[in-house]
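Colleague: Have a look; sequence and predicted model below, questions after that.
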Protein chains: 2
Amino acid sequence: MNATTEAPPLPPDTQLPAVDRLVAEASAAAKTWAGTPRADRAQALSGVAAALDGAVEELLPIAMTETRLAEGRLRGELRRTTFQLRLFAEALRDGSYLEVRIDHADPDWPMGAPRPDLRRILVPLGPVVVFAASNFPFAFSVAGGDVASALAAGCSVLLKVHPGHPRLSAATGEVVTEALVDAGAPAGLFTLLYGEEAGRAALRAPRVKAGAFTGSVRGGRALFDLASSRPEPIPFFGELGSLNPVFVTRSAATARGGAVAEEFIASFTLGAGQFCTKPGVLLAPVGSPLTDTLAGSALPEPAPLLNERITDGHRQVRDRLAGHPAVTVLAAGSDESVTAADGVGSAAPAPTVLRTTVTALLQDLDELFSECFGPTVLVVEYDDEAELLAVADAIDGQLTATVVAETDDAIVPELVARLVPKAGRLLWNQWPTGVSVTEAQQHGGPYPATTASATTSVGTAAISRFLRPVAFQGFPEQWLPDELRDASPTAPPRRVDGHWQL
Amino acid sequence: MNATTEAPPLPPDTQLPAVDRLVAEASAAAKTWAGTPRADRAQALSGVAAALDGAVEELLPIAMTETRLAEGRLRGELRRTTFQLRLFAEALRDGSYLEVRIDHADPDWPMGAPRPDLRRILVPLGPVVVFAASNFPFAFSVAGGDVASALAAGCSVLLKVHPGHPRLSAATGEVVTEALVDAGAPAGLFTLLYGEEAGRAALRAPRVKAGAFTGSVRGGRALFDLASSRPEPIPFFGELGSLNPVFVTRSAATARGGAVAEEFIASFTLGAGQFCTKPGVLLAPVGSPLTDTLAGSALPEPAPLLNERITDGHRQVRDRLAGHPAVTVLAAGSDESVTAADGVGSAAPAPTVLRTTVTALLQDLDELFSECFGPTVLVVEYDDEAELLAVADAIDGQLTATVVAETDDAIVPELVARLVPKAGRLLWNQWPTGVSVTEAQQHGGPYPATTASATTSVGTAAISRFLRPVAFQGFPEQWLPDELRDASPTAPPRRVDGHWQL
């Protein structure tokens, strides 16, 4: 079978009159969906998960062809995707995410005036535009975390398809839509949009109430600016760029530099370095077993990147870094020409480890501390461990920062204190790739890592992005949402008169 | 005593070099304050409250002179202000606001990969610029809710003084600063800035991480645009404008229209109508006891507004509305000339009730549905109760929306469903002025009511605006924040492995 000749035609760009109609339908659907009981929304998400699990053999070949990613990786990613949908279904059933607070009337409230009966709950924002990512064709795309959390919140979703995998998007979209329809969800709840202009038009539409995005700093900032400059500004949850620096103390580099080097290589070459959490910069002491091992190690074989645009981009940034007067090559193989799953010949870049010094880095931070999407990293050597603190202070916002240290290293508390303002997730002797989907996960950091550092795009807290609070004052029980009634069979964990009630 | 001649000189505008220095000091102070135990921060806030209580007789005369507000009103407002500081201190001691989540490592996590040990907590953003409001010289000014919640969160504060009460601001600032110093807070934690340009410069400063504002749509939007267009955009929590519409059903107007009219008058003339929650528009059936009572009622005596700028602004909007071809005057006294507390003669505007129809309102919504800051309101009459739904759909975001109805009115569920997307607080047979400070309060709504509808500026949830999450992965207990340790004497209520632990 030749995938290239048998592929269905590419879906055409969504035209602007159609965008208007789809937004109107999404707006109507959002009203119905917001009023759908949590248990039913949870059921629908579980249904989508089951449908995707059932469609794996249909979707995988399309994904492999369009993304050049390996089967094992894609199979694992789809498993993560359906797990995520089920985890949001669980969060819906639990209801803690609604942050319900009930204050009964209190004539003796010490403010100086009686306290009225006030009951607060989070409600969905309305239609959301989600811009899919290129590098996670399942987990951050049509059925990914942004979509799952928006649907869980009770919002409708207009999904702007990533041009890197349009056929997979169409096929996944069909599975999702059919499962939602089977679960009784309203028509128009979930729609695909094709084309940049359609995505931008949807983000500008007055009825759309939020945007979510994973991609480049440049693209994400342009969309953030669009969302912020609307007559009615809307929140835009963009995950843009991050270098995820790793800070290795002298004692750790000395005690286990070889092992750290091997783990670093495994992390930065995972998925050919095409992860937002790839550790792109590693700081290590001059002349330790760590750099020796990196210099002498057999790096993994070259693998093709997602597409030619990304391949070209990686080569340009790598060559620019390697050509910097303060940078040398510590380890690198040779690029190879491979035949990718789409039958097209492609340059597969060799994993590359570049080297510079902290002094050089701080002198030319803008140039040297810049993301290289793909399997290239920069090792930055220091003479004095205190230079780690200077780097922590100098860098901008990150998704993650990693500390590789011995437990009693004296620098740890100060280093952690300086990294907390800079990153959304701090790791200790672990590696940032492979972001676990859990309640306590935080995937988001200060700009430019994200445009909304108070939020996460992975983990159950991602649902909060698509909600806003409403307080009901003095309402009779019968007109209150179920979760706010005193005697409520669906009461989630809530605060009542200042005390938790589980 | 003649207040005008004895007043100290006006504080001069803060010059730009000084702004840079104050921001740097605020940044250093923020680091210390963020690391100060919650109990100590709570103690400091309580100390500020006690110091303000002790300074009431010193502050009140200055407030009366600068704001023309009555002594009773100001005394109550100061009581509210110190209560608020103490409530945030309580929230700090409780610690629920940290939203701690702990997921222990789980080798069998069904995602397809083991779950690492992940522990999530909220951390302070860093220095915050707060722009004080004119209409609450205590509760939304130097020691007001934005300042209290930012300090509680662990942020430092640069307070841009409102030009309407600079001497009161300076005096209050001294009390606050001295109390913070007495409590051992770091120098530079709290600073006053004078002048528009100083406020804008601080908002642009790279080290400043958030802004908060209460004021006009125009001024707030300009600052929001500034915050959003920085190289590193920062969140801007602006509370701008709201008409707080009141929807009266036919049966309620018939059954108790007279009483509703009296309550409405009391609410819209409270503080001479200078509240962000003033009910500015009331929808009622044509020809009911409600409008009859309004037409025949003795409206309260004219009172001077905060200052001449606000007096002029009120007159202009009132006259424009009254001059609209579809508007008639339902009830109004005569403006008076009074001698205000500052010894200056001022025009005190008469409370004014204007009248139009829903048909006219919907035909010229931009013109007729516009905020008139001061004691002027618009009564909008309907023929058919269903017109209430059309108005709910047509209006933009509001801080509050009020339903005045009988419990079994058929229209209630649909009306509430349409108001939830439009307002942050819904009231039932109560009035929106007099915002209670509680856990469940929500003071914030969709734009233009606020620039961040997912947040509140009143109530303990206001603290969340100045925090962002950080997850610690795989950290040894000794390097974790206290609240994240398994055995923690300061553990707040938290989620552990998906279960609440109180």
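Modeller: The structure has been received and is ready for your questions.
Colleague: Walking through the stretch 201-350 of chain A, point out its strands one by one.
Modeller: A:210-214, A:236-239, A:246-248, A:281-285, A:328-332, A:336-339, A:345-348 (DSSP state E, counting those that start in this stretch).
Colleague: Report all helices and strands that the first one contacts.
Modeller: In terms of contacts (3 or more CB pairs under 8 Å, 6 or more residues apart in numbering or on different chains; DSSP states H and E), strand A:210-214 is packed against strand A:128-131, helix A:145-153, helix A:217-228, strand A:236-239. Backbone N, C-alpha and C define where each C-beta goes, glycine included.
Colleague: Dump that strand to PDB, keeping only the CA atoms.
Modeller: What follows is strand A:210-214, C-alpha atoms only, in PDB (Å, rounded to 0.1, in the frame of the first residue of the first chain):
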ATOM      1  CA  ALA A 210     -11.500  32.200  25.100                       C
ATOM      2  CA  GLY A 211      -8.600  30.800  23.100                       C
ATOM      3  CA  ALA A 212      -6.100  28.000  23.800                       C
ATOM      4  CA  PHE A 213      -2.900  27.400  21.800                       C
ATOM      5  CA  THR A 214       0.300  25.400  21.800                       C
END
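Colleague: in that strand, what counts as buried?
Modeller: A:210-214 (16 or more other CB atoms under 10 Å in any protein chain shown).
Colleague: And the last one, by the same measure?
Modeller: For strand A:345-348, the neighbour count (16+ other CB under 10 Å) marks A:346-348 as buried.
Colleague: Can you give the distance from the longest helix along chain A to the centre of its chain?
Modeller: Within chain A, and with DSSP state H defining each element, the longest helix by residue count is helix A:71-94. Relative to its parent chain, helix A:71-94 has a centroid offset of 14 Å by CA atoms, centre = their mean, to the nearest Å.
Colleague: ok, back up a step: wait, which of the helices and strands packed on strand A:210-214 is closest to A:Ala322?
Modeller: With CB to CB as the measure, helix A:217-228 is the member of these nearest A:Ala322 (21.6 Å).
Colleague: at contact distance from chain B, anything in that closest one?
Modeller: Yes. Helix A:217-228 reaches chain B (CB under 8 Å from any CB of the partner chain) through A:224-225, A:228.
Colleague: Highest neighbour count among those residues?
Modeller: Most neighbours among these, by other CB atoms under 10 Å in any protein chain shown: A:Phe224, with 24 neighbours.
Colleague: Was I right to think it contacts A:Phe236?
Modeller: Yes. In this structure A:Phe224 lies within contact range of A:Phe236 using CB atoms under 8 Å: 4.7 Å.
Colleague: Next, show the common contact partners of those two.
Modeller: When contacts are counted by CB atoms under 8 Å, 6 or more residues apart in numbering or on different chains, the set common to A:Phe224 and A:Phe236 consists of A:Thr451.
Colleague: what about A:Glu57, neighbour count?
Modeller: By other CB under 10 Å, neighbour count at A:Glu57 equals 7.
Colleague: From A:Leu74, how far off is it?
Modeller: Distance, A:Glu57 to A:Leu74, using CB to CB, to the nearest Å: 12 Å.
Colleague: cool, and A:Val130?
Modeller: Using CB to CB, A:Val130 is found at 20 Å from A:Leu74.
Colleague: Which one's more surrounded, these two?
Modeller: Neighbour count, other CB under 10 Å: between A:Val130 and A:Leu74, A:Val130 has more, with 31 against 22.
Colleague: Contacts only, for that one.
Modeller: The neighbours of A:Val130, taking CB under 8 Å, 6+ apart as the test, are A:144, A:146-147, A:150, A:157-160, A:211-213.
Colleague: Low-confidence stretches in chain A?
Modeller: Across chain A, residues meeting the criterion (pLDDT under 70) sit at A:1-7, A:340-342.
Colleague: which residue packs closest to A:Leu305, ignoring adjacent ones?
Modeller: Using CB to CB, 6 or more residues apart in numbering or on different chains and skipping the chain neighbours, the partner closest in space to A:Leu305 is A:Thr311 (4.6 Å).
Colleague: Revised request: answer the last question for A:Val338.
Modeller: A:Ala348 is the one closest to A:Val338 (CB to CB, 6+ apart), at 4.6 Å.
Colleague: Over to A:Gly154?
Modeller: Leaving aside its sequence neighbours, A:Gly154 sits nearest to A:Pro124 (CB to CB, 6+ apart; 3.4 Å).
Colleague: Number of residues surrounding that neighbour?
Modeller: Applying other CB under 10 Å, we find 27 residues neighbouring A:Pro124.
Colleague: In PyMOL, how would I select just the buried ones from the contacts of A:Val130?
Modeller: Per 16+ other CB under 10 Å, the buried members of these correspond to this PyMOL selection:
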select buried, chain A and resi 144+146+147+150+157+158+159+160+211+212+213
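Colleague: that older thread, turn the helices and strands packed on strand A:210-214 into JSON lines, columns for distance to A:Ala405.
Modeller: Output for those, formatted as JSON lines (distance: least, CB to CB, whole Å):
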{"stretch": "strand A:128-131", "distance to A:Ala405": "37"}
{"stretch": "helix A:145-153", "distance to A:Ala405": "31"}
{"stretch": "helix A:217-228", "distance to A:Ala405": "30"}
{"stretch": "strand A:236-239", "distance to A:Ala405": "27"}
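Colleague: Which of the ones you listed sits closest to B:Pro9?
Modeller: Here helix A:217-228 is closest among the helices and strands packed on strand A:210-214 (CB to CB), at 40.4 Å.
Colleague: what's that closest one packed up against?
Modeller: Using 3+ CB pairs under 8 Å, 6+ apart: helix A:217-228 touches helix A:196-204, strand A:210-214, strand A:236-239, helix B:217-228.
Colleague: what's the angle between it and helix B:217-228?
Modeller: Here helix A:217-228 runs at an angle of 170 degrees relative to helix B:217-228 (axes from the mean of the first three to the mean of the last three CA atoms, to 10 degrees).
Colleague: Name the residues of helix A:217-228 that are buried.
Modeller: A:217, A:220-221, A:223-224, A:226-228.
Colleague: ok, so of the residues you listed, who is nearest chain B?
Modeller: Closest approach to chain B among those (CB to the nearest CB): A:Ser228, at 4.1 Å.
Colleague: Quick one: residues contacting the closest one.
Modeller: By CB under 8 Å, 6+ apart, the contact set of A:Ser228 is A:236, B:224-225, B:228-229, B:233.
Colleague: do that again at 10 Å, thanks
Modeller: Residues in contact with A:Ser228 (CB atoms under 10 Å, 6 or more residues apart in numbering or on different chains) are A:234-236, A:451, B:224-225, B:227-229, B:233, B:236, B:451.
Colleague: A:Asp292 now?
Modeller: A:257-258, A:261.
Colleague: Filter those residues down to the ones in helices?
Modeller: A:257-258, A:261.
Colleague: Report the buried members of those.
Modeller: With neighbours counted by 16+ other CB under 10 Å, the ones in helices among the contacts of A:Asp292 contain buried members at A:257-258, A:261.
Colleague: Just send those residues back as a markdown table, with distance to chain B too.
Modeller: Formatted as a markdown table, those follow (distance: CB to the nearest CB, whole Å):
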| residue | distance to chain B |
| --- | --- |
| A:Gly257 | 19 |
| A:Gly258 | 20 |
| A:Ala261 | 19 |
